Structures are given as C-alpha cells and as structure tokens.
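1. coords please:
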Amino acid sequence: MSLVFEKGSLFSHDCDPNTREELFEKEHVNAGIKQIANGIGVRLIATKDIQPGDIIAIPYLYPSHITWSVQDRQNYLKTYYHFDCTCNRCIGELNEQKYSS
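-> Got it, this is the predicted structure:
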C-alpha cells in the first residue's frame, strides 16, 4: 500500500531517525457523535529526545531496509529518492569502511 501525506513529505530523512510513523483512522466529532472519517492519518512518535531546533527525521526506507548495509541504503535512496544520504549513520559507516581498509 502506498500513501501520500502532504505535510509528512516535508520531514527530512535519516537512517537513524528520531521518530517513527504510526498510521491511524481519522476520527472526528459530528453533532456530538464520534465518527471515523474517510481517511487515514499519520502521527509521528518520538523515539529519541528531541530538543528545540532539532530536525525531525523519518526514515524514507521501509522498516526492513534499516538493517541494510550502507551501500544498499545509499543505492536505494539514490534510485528512488534521487539523493545521496549524508546522515550521521551513513557518514559514520562510510568512514569506518574507509579507515578499516
């Protein structure tokens, strides 16, 4: 299933994100009666402490991709999102490989 969330598309990517996404059915109250609206919403749940000024980041990867090697994550993001990931996790793993060779 693919969904598009206009506001959610404004979040930055990180391979070690500080939030996770959770889908939910939208509810609203109409004349005092709680109803499920036609639609699905997304909420972000913090998975780490987020300080004022911190960038709120989500993974553009599927949950199963998070465990991929840095090369596989980089290739996927370049192919499907057209950017080179420069998150701390990727830079750290690339530097580790560079200096361990």
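2. and the end-to-end length of stretch 56-73?
-> By Cα to Cα, to the nearest Å, the extent of stretch 56-73 from end to end equals 20 Å.
3. again, but for stretch 77-90
-> Length of stretch 77-90, first residue to last, Cα to Cα: 12 Å.
4. also stretch 51-63?
-> 25 Å.
5. distance from that stretch to the middle of the chain?
-> Mean-position distance between stretch 51-63 and its chain equals 6 Å (Cα atoms, centre = their mean, to the nearest Å).
6. which of the residues in it are buried?
-> Neighbour counts over stretch 51-63 (16 or more other Cβ atoms under 10 Å) mark 57-61 as buried. For glycine as for every other residue, the C-beta is placed from the backbone atoms N, C-alpha and C.
7. kindly report the same for stretch 62-73.
-> For stretch 62-73, burial by neighbour count (16+ other Cβ under 10 Å) applies to 70, 73.
8. repeat for stretch 12-26
-> By neighbour count on 16+ other Cβ under 10 Å, the buried set for stretch 12-26 is 13-15, 17-19.
9. any idea how far residue 95 is from residue 84?
-> To residue 84, residue 95 is 15 Å away according to Cβ to Cβ, to the nearest Å.
10. quickly find the element holding residue 61.
-> Under DSSP states H and E, no helix or strand contains residue 61.
11. what sits against it?
-> Shown here is residue 61, whose contacts under the criterion Cβ atoms under 8 Å, 6 or more residues apart in numbering are 15, 68, 73, 76-77.
12. among those residues, which are in helices?
-> 73, 76-77 (DSSP state H).
13. closest one of the residues you listed to residue 90?
-> residue 73 (6.8 Å; Cβ to Cβ).
14. mind listing what's buried along whichever strand or helix holds residue 99?
-> Residue 99 is located in helix 88-100, with elements delineated by DSSP H and E. Buried residues in helix 88-100, counted by 16+ other Cβ under 10 Å: 90, 93.
15. pull the residues that contact it.
-> Against helix 88-100 from outside (Cβ under 8 Å, 6+ apart): 14-16, 69-70, 73-74.
16. so where is this protein shaky, pLDDT-wise?
-> When residues are selected by pLDDT under 70, those of the chain lie in 1-9, 26-39, 101.
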